[in-house]
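Undergrad: Need coordinates for the following:
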Amino acid sequence: TFSDNCTEVDRSVVTTMFSSVGRCVEIPERLQNAFAAMCGSGPAFIYQVIEALADGGVMMGLPRNLAMEQAATMVEGAAGMVLLGSKHPATLKDEVCSPGGSTIKGVQRLEEGGVRAAFMAAVQAAAERNEELGRN
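TA: Below you'll find the predicted structure:
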């Protein structure tokens, strides 16, 4: 969050500087810990997803290097589809799941394992820890 004392020139300089290395968004101060939990800790969560997908591929007979490369590429592609912004992730998921197919069966297993609840709880835990760290 920018200070009330920041001029438009200051904002422009800072936004330009940060945009040179990635996406730059202004977050209200009250949401900083939640944002840091999702975006700062999130890569570690997704690395675990990539590792688990690759392990599943290896378990089913794929060579490790191929499984890892393709799991990471798939995550990159799926993220790209979401970033196009025209469809909600649930819609994209539904478009991949054919009736009675292998993908919907895998989605069912993820739901049984509580995957979405686990990700939500991970963000919550990281945000709560950020709050704790901010008080010390």
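Undergrad: Let me see the ranges of the helices in the chain.
TA: Assigned helices in the chain, in chain order: 8-19, 32-35, 41-59, 64-83, 89-96, 102-112, 115-135 (criterion: DSSP state H).
Undergrad: of those helices, which approaches V25 most closely?
TA: For the helices of the chain, proximity to V25 was assessed by Cβ to Cβ; helix 32-35 is nearest, at 8.4 Å. From N, CA and C alone the C-beta is placed, and that goes for glycine too.
Undergrad: Could you tell me how far the closest one lies from the centre of the chain?
TA: Distance of helix 32-35 from its chain centroid, counting by Cα atoms, centre = their mean, to the nearest Å, is 14 Å.
Undergrad: Could you do stretch 92-110 as well?
TA: Stretch 92-110 sits 20 Å away from the centroid of its parent chain (Cα atoms, centre = their mean).
Undergrad: again with stretch 50-66
TA: Put simply, stretch 50-66 sits 21 Å off its chain's centre (Cα atoms, centre = their mean).
Undergrad: Let me see the mean pLDDT of that stretch.
TA: Averaging pLDDT along stretch 50-66 gives 98.
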